[in-house]
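**Student:** Sequence first, predicted coordinates after that:
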Amino acid sequence: MNSRRIPLIEEGIPAREIIATKKFVRSKKIMGAILIFAILMMYAMFLLSPFYTIFITSFVNQIDLQSTNSFIWWPRTWSFDGFKNLFTYSPMPDEISVELLFAFGNTFLIAIITSVSSLFFSGMAAFAYSKIRFKGSNALFFVQLCTMMIPAATLTVPSFIFFNQLGWTKGELSYLPVVLPAMFGGATVIFFLRSYMTSIPDEVIEAAKIDGLSPFKTYLKIIIPEAFPAFIAQFIFAFVASYNSYLKPLLYLADDPHHYTLQIFLQEYSGTFKANPNYLCSSVLVALVPLILIFIVTQKFFIEGVTVGGGKE
């Protein structure tokens with residue numbers, strides 16, 4: 001006996017009921033899609049509301065802010081006083097300067113040097129762990145991963161004592177404790193890049209050997225181009241971490257306003273103008289712009305590097 005299900009039309013069910021059932025199913029799918037869209041829109045509004053608050057408040061006049069206790073959804077008159085004050089503020093008394101530009105310059109210099117250098121050296125380690133067979137590689141990689149469990153805060157005081165004995169906590173040498181330790185990467189970056197590099201076929205590496213490429217040249221000419229999305233993703237993570245770094249610059253660079261990074265400058269600025277919300281929001285908005293631009297430019301590689309590299313092992 002044939003056990004296959006006979007179409008509904010042959011079971012005696014009227015065609016209009018079949019059509020009604022299909023319409024009901026279709027309407028349920030549409031309603032479900034609308035519900036999901038509405039939830040996502042509400043979630044997006046929830047995420048974007050702080051940015052909207054910062055943006056609007058930075059352009060509201062201080063008098064308008066003080067004249068009302070309610071939130072101002074749109075400025076009656078657009079004011080740029082917060083930005084003018086930000087770009088002319090100096091932490092040093094009785095001096096009008098462009099300290100914000102010094103802070104941006106110091107921050108970008110430190111972030112770019114440490115990010116590029118750490119990626120280069122971490123990539124070399126990841127390449128060795130993933131494609132070069134040597135005795136004890138797995139044990140060494142495991143030991144390196146264990147360093148991820150050490151809280152960074154526990155190294156702050158010993159590091160300061162060490163660098164202070166070297167004379168690197170004052171003057172121009174105070175940049176070294178901020179830059180040097182971050183130049184050689186970390187276990188997290190190595191782990192991520194290694195996961196990505198394991199997906200590169202071994203035949204490519206063997207072909208490079210046959211062509212006479214040394215391991216270092218193979219890394220430069222084969223591995224870096226192949227793993228470029230992963231490098232970009234990790235560059236963004238490293239750049240943002242360095243850009244937002246506060247503790248190390250506070251320990252080593254806070255003695256001289258010309259050595260301030262952006263976070264130290266903003267902390268000094270917010271302490272001076274904490275009663276002026278438009279001044280504070282203007283400074284936050286200016287600080288956000290570089291990160292937003294970097295993500296817009298590199299988002300294609302960033303998404304590819306995170307989604308593909310994060311799932312490979």
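**Tutor:** Happy to help now that I have it. Residues are numbered from 1 along each chain as shown.

**Student:** and the closest residue to Ala126 other than its chain neighbours, what is it in contact with?
**Tutor:** Spatial nearest neighbour of Ala126, excluding adjacent residues (CB to CB, 6 or more residues apart in numbering): Leu193 at 3.6 Å. Quick note: C-beta positions are derived from backbone N, CA and C, even for glycine. Counting by CB atoms under 8 Å, 6 or more residues apart in numbering, Leu193 touches Ser122, Gly123, Ala126, Phe127, Ala227, Ala230, Phe231, Gln234, Gly309.

**Student:** For my notes, please list those in CSV and give distance to Met45, neighbour count and pLDDT for each entry.
**Tutor:** As requested, the contacts of Leu193 are exported to CSV (distance: CB to CB, whole Å; neighbours: other CB atoms under 10 Å; pLDDT from 0 to 100):
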residue, distance to Met45, neighbour count, pLDDT
Ser122, 38, 24, 92
Gly123, 40, 25, 91
Ala126, 40, 28, 90
Phe127, 44, 24, 91
Ala227, 37, 26, 88
Ala230, 33, 30, 88
Phe231, 34, 25, 90
Gln234, 31, 28, 88
Gly309, 31, 23, 51
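
**Student:** Out of these, which comes closest to Gly212?
**Tutor:** Checking the contacts of Leu193 against Gly212 with CB to CB, the nearest one is Phe127 at 18.0 Å.

**Student:** sorry, back to before: taking the contacts of Leu193 one by one, which sit in strands?
**Tutor:** Counting by DSSP state E, those place none of their members in strands.

**Student:** Among those, which are located in helices?
**Tutor:** When DSSP state H is applied, the contacts of Leu193 are split such that Ser122, Gly123, Ala126, Phe127, Ala230, Phe231, Gln234, Gly309 fall in helices.

**Student:** Using CSV, please lay out those together with distance to Asn61.
**Tutor:** Shown next, in CSV, are these (distance: CB to CB, whole Å):
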residue, distance to Asn61
Ser122, 48
Gly123, 50
Ala126, 53
Phe127, 56
Ala230, 47
Phe231, 45
Gln234, 43
Gly309, 48
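
**Student:** hmm, back to that, where does the residue nearest to Ala126 land in three-state SS?
**Tutor:** At Leu193, secondary structure determined by DSSP: H, G, I helix; E, B strand; the rest coil is helix.

**Student:** got the buried residues for the lowest-mean-pLDDT helix or strand in the chain?
**Tutor:** Across the helices and strands of the chain, mean pLDDT, DSSP states H and E gives its lowest value to helix 62-66, namely a mean of 73. Neighbour counts over helix 62-66 (16 or more other CB atoms under 10 Å) mark Leu65 as buried.

**Student:** For that helix, what is the distance to the chain centroid?
**Tutor:** 34 Å (CA atoms, centre = their mean, to the nearest Å).

**Student:** for stretch 28-36, same thing?
**Tutor:** Per CA atoms, centre = their mean, the centroid offset for stretch 28-36 relative to its chain is 34 Å.

**Student:** ok, and what's touching stretch 143-150?
**Tutor:** By CB under 8 Å, 6+ apart, stretch 143-150 touches Ala125, Gly186, Ala187, Thr188, Ile190, Phe191.
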